[in-house]
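1. With the input below, show me the fold.
(2 chains)
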There are 2 protein chains.
Amino acid sequence: MNSLLLVAHGSRREASNEEIRALTESLRHKDGNCFADVGCAFLELAEPSIPDGIRACIARGATRVTVFPYFLSAGRHVASDIPDEVNSVVEDYPDIEITIAPYLGAAGAMGDLILQQSGSS
Amino acid sequence: MNSLLLVAHGSRREASNEEIRALTESLRHKDGNCFADVGCAFLELAEPSIPDGIRACIARGATRVTVFPYFLSAGRHVASDIPDEVNSVVEDYPDIEITIAPYLGAAGAMGDLILQQSGSS
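-> Sure, this is the predicted structure:
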C-alpha cells in the first residue's frame, strides 16, 4: 500500500495545524489521488512528529511512504531537518520504501496556481 | 496598469529570498499572466518591505495593485500583519486600487498541486 505523508512546519496556533489536517482529509478523498492512504506530520510544535507519522502509515499497512514537504522554500528545514527526521526511522523498516518528494515551492505549476489565485484571467 | 505584488515572509537565508525573486521574474514572462507588471516584497527580514513594494509598482505605472500573500496558512501574518502593512500606504494613494488576494494556502487547486508534486499519477 502506498501512503502519502504531508509534512508541515507546525504552528503554536492550533488553527494552522488544523488547516493541515483538513487538507490531509481532503486529499484522502480527492479524485486523481493514487495514494491508498494519506497522513500528516509536523516538523515541530505539533503532533504527530515525522517519525510517528511514518510509523502510523506503516501501522495502517503502508509498504511505501512518500514524504511530501509542504514548504515554500528550500531552507534548512527542507534540506536537512526533514531528511534527518526521516532517516531516524528508515533503518527500523528495511522492507518499507520511504522516499522524500520535492518540496511544494519547487513545483513547476506553482506559477499557474499563483496567477489563478490572484485573479489573473 | 495592473501590478501583481507577490508577498513572502522573508528569510535570514538570502537564497530563500532569491528563490522568491526568481519566481517573480518567471511570473513576469509566464503565458497566461494578465498582469502587466509583477513585483515582490517581504513582510520582514528582506527588502523591499510591503509599503516599498507597493510604491515601486506605482512608480512603474500601476493604477491597480493586487497584493498576493505567498503563505501557506491563515496565521497572524496573513490575517493582520500584511493588511496592516498594506493599509499603511493606502491613504497616500487614493487614486490607486490596492487589494489583497486570498493567500496561497487557500487555493482550491492546492490539493492537485500536492498530488502532482508527490508523484500521484
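2. Just give me the neighbour total for residue A:25.
-> Residue A:25 is surrounded by 12 other residues when neighbours are defined as other Cβ atoms under 10 Å in any protein chain shown. To be clear about C-beta, it is placed using only N, CA and C from the backbone, and glycine gets the same treatment.
3. May I ask which helix or strand encompasses it?
-> When secondary structure is defined by DSSP states H and E, residue A:25 falls within helix A:14-28.
4. just checking, what packs against that helix?
-> For helix A:14-28, the helices and strands in contact under the criterion 3 or more Cβ pairs under 8 Å, 6 or more residues apart in numbering or on different chains; DSSP states H and E are strand A:2-8, strand A:37-42, helix B:110-117.
5. Adding mean neighbour count, distance to residue A:57 and mean pLDDT, write these out as CSV.
-> Shown next, in CSV, are these (neighbours: other Cβ atoms under 10 Å in any protein chain shown; distance: least, Cβ to Cβ, whole Å; pLDDT from 0 to 100):
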stretch, mean neighbour count, distance to residue A:57, mean pLDDT
strand A:2-8, 25, 4, 98
strand A:37-42, 23, 5, 98
helix B:110-117, 19, 16, 95
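6. Say whether chain B is contacted by stretch A:82-89.
-> No. No part of stretch A:82-89 sits close enough to chain B to count as contact by Cβ under 8 Å from any Cβ of the partner chain; the gap is at least 13.6 Å.
7. about what we covered before: show residues contacting the helix holding residue A:25.
-> The contact list for helix A:14-28, computed with Cβ atoms under 8 Å, 6 or more residues apart in numbering or on different chains, reads A:4, A:6, A:8, A:10-11, A:33, A:35, A:37-40, A:42, A:45-46, A:70, B:73-75, B:105, B:110-111, B:114-115.
8. quick check: angle from it to strand A:2-8?
-> 160 degrees (axes from the mean of the first three to the mean of the last three Cα atoms, to 10 degrees).
9. Show me which residues of helix A:14-28 are buried.
-> Buried residues in helix A:14-28, defined by neighbour count with 16 or more other Cβ atoms under 10 Å in any protein chain shown: A:16-17, A:19-20, A:23-24, A:27.
10. between those, which is nearest chain B?
-> Sorting the buried residues of helix A:14-28 by distance to chain B puts residue A:16 at the head of the list, at 4.1 Å, by Cβ to the nearest Cβ.
11. Identify all contacting residues around the worst-scoring helix or strand of chain A on mean pLDDT.
-> Least confident element among the helices and strands of chain A, by mean pLDDT, DSSP states H and E: helix A:76 (a mean of 89). Residues from elsewhere that reach helix A:76 (Cβ under 8 Å, 6+ apart): residue B:13.
12. thinking in terms of the whole chain, how far from its middle is that helix?
-> If you compare the mean C-alpha spot of helix A:76 with that of the full chain, they lie 16 Å apart, counting by Cα atoms, centre = their mean, to the nearest Å.
13. Which SSE is immediately downstream of that helix?
-> The C-terminal neighbour of helix A:76 among helices and strands, as given by DSSP H and E, is helix A:82-90.
14. So which elements touch that following helix?
-> Packed against helix A:82-90, as judged by 3+ Cβ pairs under 8 Å, 6+ apart, are the following elements: helix A:50-59, strand A:64-69, strand A:97-100.
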